[in-house]
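Trainee: Build me a model:
(one chain, ligands or ions: 1)
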Amino acid sequence: MRIIFATGNKDKLREIRQILSDCSIEVISMRDAGIEGEAEETGKSFEENALQKARYVYEKNGKRDGDLVVADDSGLEIDALNGEPGILSARYMGKDTSYREKNADLVKRLEGVPDERRTARFVCAMALICPDGRERVVRQTMEGRIGYGEAGENGFGYDPIFFLPEYGMTSAEVSPEVKNAISHRGKALREVRDIIISEYPGVMS
Ligand code: ITT
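Mentor: Predicted structure coming up:
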């Protein structure tokens, strides 16, 4: 049994492999499984979009016996911006705009906003489709605040402006191990892993 991860995002895939590194289950990308193209993301929630991505791969994979399909739809919600960029996080200012520019723009939009109102969270909805077509979706978050500029080289995307008050640094400054232990993606993936273990005992040992 293997997991086909329905993502074209290499940074997500790296984190997912790190998070599941203590499991014997094999994780392959949709590209490695020979699946081209990508799902439409027309849903109104992280959950709907995660399911769209997973269903796309499940269908294209020919519902192959034994393969589990997992997909992640994630993003950053900033309270002072009414939840923006939210489900449009990857597309904010255009998919090809650099994160240096996206991060600078968000920090600029928060000019004059005091610490206590700079609250934000990363959200991850993760969808699982079992070989027989049964679907599950989980949601997890990581709470923090938007900083005043970029800091840190780890992680990806919006991590350099995402300040974790308990650590006194951004999620791009903490180690990958710490990020994976507390992140929206780490928590969602461990929840999905537990569902897989309960459905298919022994698969991870
Ligand atoms: P796939 O749809 O192929 O998985 P994507 O990058 O388009 O790749 P999403 O639609 O889920 O993925 O967009 C998520 C965006 O949210 C991502 O591109 C980042 O900008 C941001 N994001 C999500 N998780 C993050 C994290 O852990 N650290 C930093 N930014 C994150």
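
Trainee: Close to the ligand: what parts of this protein are there?
Mentor: 7-9, 12, 53, 72-76, 89-90, 122, 155-159, 183, 185 (Cβ under 6 Å from any ligand atom). Heads up, the C-betas are built off the backbone N, CA and C, glycines and all.

Trainee: Could I get the contacting residues of P176?
Mentor: Counting by Cβ atoms under 8 Å, 6 or more residues apart in numbering, P176 touches 15, 18, 154-155.

Trainee: before we move on, what about Y99?
Mentor: Y99 sits next to 156-158, 160 when contact means Cβ under 8 Å, 6+ apart.

Trainee: Show me which of those is closest to the ligand.
Mentor: G157 (2.6 Å; Cβ to the nearest ligand atom).

Trainee: Just give me the residue right at the centre of the protein.
Mentor: Centrality entry for the chain: nearest residue to the mean C-alpha point is S74, 4.3 Å, by Cα atoms, centre = their mean.

Trainee: what bridges to it?
Mentor: On the basis of DSSP bridges, S74 is bridged to C124.

Trainee: Now the residue in the chain sticking out farthest from the centre: which helix or strand?
Mentor: Residue farthest from the centre of the chain, counting by Cα atoms, centre = their mean, is G112 at 29.5 Å. Counting by DSSP states H and E, there is no helix or strand that carries G112.

Trainee: Then M126?
Mentor: Here M126 is assigned to strand 119-129, by DSSP H and E.

Trainee: How about Q18?
Mentor: Counting by DSSP H and E, Q18 is part of helix 10-19.

Trainee: what's downstream of that helix, the next helix or strand?
Mentor: Toward the C-terminus from helix 10-19 - assigned by DSSP H and E - lies strand 26-29.

Trainee: which residues of the protein fall in strands?
Mentor: 2-5, 26-29, 67-78, 84-85, 119-129, 135-146, 162-164, 169-170 (DSSP state E).

Trainee: CA atoms of the second one as PDB?
Mentor: It refers to strand 26-29. The C-alpha coordinates for strand 26-29 follow below in PDB (Å, rounded to 0.1, in the frame of the first residue of the first chain):
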ATOM      1  CA  GLU A  26       5.700   4.800   0.800                       C
ATOM      2  CA  VAL A  27       4.700   8.300  -0.300                       C
ATOM      3  CA  ILE A  28       4.800   9.100  -4.000                       C
ATOM      4  CA  SER A  29       3.900  12.300  -5.800                       C
END
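
Trainee: The strand holding M126: which residues count as buried?
Mentor: Neighbour-count burial for strand 119-129 flags 119-129 (criterion: 16 or more other Cβ atoms under 10 Å).

Trainee: Identify, from those, the entry nearest to the ligand.
Mentor: Using Cβ to the nearest ligand atom, the buried residues of strand 119-129 come closest to the ligand at F122, 5.4 Å.

Trainee: quick revisit: what is the rounded mean pLDDT of the helix holding Q18?
Mentor: For helix 10-19, mean pLDDT rounds to 92.

Trainee: what's the burial count for R193?
Mentor: Number of residues near R193 (other Cβ atoms under 10 Å) recorded here: 20.

Trainee: Right, I'll leave it there.
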